[in-house]
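Q: Need coordinates for the below:
(one chain, ligands or ions: 1)
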Amino acid sequence: MYRSISTHAIVIRRERSGEFHKSLALLTTDLGLINATAYGAFKMNSSLRMGSEPFTWSRVMLYHNPVRKSYKVTEMEILGSFEGLQRDLSRVAAASLWAEVVQKSYGAGEVSGGLFRLLLDSLQLLDAADSPREPYVTLQFLWRFLALAGYQPDTRQCDGCGREFAESETAFYAARSHALLCAACASGTGQPLPAGALRFLDATSTLPIDKAVEVSLGERSLHALCDSLPRMLQAVLEGQFSSLPWVEAGR
Ligand SMILES: [Zn+2]
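A: Numbering: from 1, shown residues only. Predicted structure coming up:
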């Protein structure tokens, strides 16, 4: 028994299936992360050809076959294709990293649309950002993703001894426990996060994301966060991101 569903979707991954078909991972507002097939989408004259490309945002019509647990894309009305992003390799690398986070987390197991909103906002900001702001969009995406998934570490106090960090104190990120520690508890291990980086995370997380990406950091804190946040995601999702070296090479 087929069922027809209309939802908003962003293409997270696109692979060839057979000669002309595309196997898609779609992050949707109503169904979370799903796999769907766009039949014939590699054909030049297919109405699904453009909408089924990576990071494209569409209103899609899906047919669901509950017996085969499969989705088939029947219509795609493109709402945003982010051409500014597609022209620039470092931006494609950033968006690819976010896509990997979404995939490895199985869409964070949520269907409330919060992750969809975060990804869409981030893609729009990345599409429009000048190159010095690019890393800030990734930092905001990753930190907000950790909040959505319920894995944001405590930036106010040491997870080992419970002591509150002092105003200018450097904390250390321990991947094994996915926590921030004071120097004594970290005892020479972990990645240092300067006080400025911790205050930045706290201060920007309550801002709308378009305002948050305009807040700048000192060089040392920016580097520390660009280094630590992807590793926090790897620790939480228990895997390596294949697009991370690509993102780092672009800096
Ligand atoms: Zn401690």
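
Q: Show the contacting residues for Met112.
A: Met isn't right for residue 112; it's Ser. With CB atoms under 8 Å, 6 or more residues apart in numbering as the criterion, no residue contacts Ser112. C-betas here are computed from N, CA, C, even on glycine.

Q: Make sure it is indeed in a strand.
A: No - assessed with DSSP: H, G, I helix; E, B strand; the rest coil, Ser112 is coil; it does not lie in a strand.

Q: Let me see the confidence value for it.
A: According to the per-residue confidence, Ser112 scores 73 in pLDDT.

Q: can you list the weak-confidence ranges in this protein?
A: In the prediction, the chain carries residues with pLDDT under 70 at positions 1-2, 111, 251.

Q: Dead centre of it: give me the residue that sits there.
A: Computing the C-alpha centroid of the chain and ranking residues by CA atoms, centre = their mean puts Trp98 first, at 3.0 Å.

Q: what about the strands in the stretch 51-200 of the chain?
A: With DSSP state E, counting those that start in this stretch applied, the stretch 51-200 of the chain shows strands at 57-65, 70-80, 171-174, 179-181, 191-193, listed in chain order.

Q: Now do the longest one: which elements does it pack against?
A: This means strand 70-80. Applying 3 or more CB pairs under 8 Å, 6 or more residues apart in numbering; DSSP states H and E, one finds that strand 70-80 contacts strand 32-38, strand 57-65, helix 114-128.

Q: So which of these is nearest the ion?
A: Checking the helices and strands packed on strand 70-80 against the ion by CB to the ion gives helix 114-128 as the closest, at 31.4 Å.

Q: Next, the angle from the closest one to strand 32-38.
A: Helix 114-128 runs at 70 degrees relative to strand 32-38, counting by axes from the mean of the first three to the mean of the last three CA atoms, to 10 degrees.

Q: buried ones in helix 114-128?
A: Neighbour counts over helix 114-128 (16 or more other CB atoms under 10 Å) mark 114-116, 118-127 as buried.

Q: Dump those residues into a markdown table; add distance to the ion as well.
A: Putting these into a markdown table (distance: CB to the ion, whole Å) gives the following:
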| residue | distance to the ion |
| --- | --- |
| Gly114 | 32 |
| Leu115 | 32 |
| Phe116 | 37 |
| Leu118 | 31 |
| Leu119 | 35 |
| Leu120 | 39 |
| Asp121 | 35 |
| Ser122 | 33 |
| Leu123 | 38 |
| Gln124 | 40 |
| Leu125 | 36 |
| Leu126 | 36 |
| Asp127 | 42 |
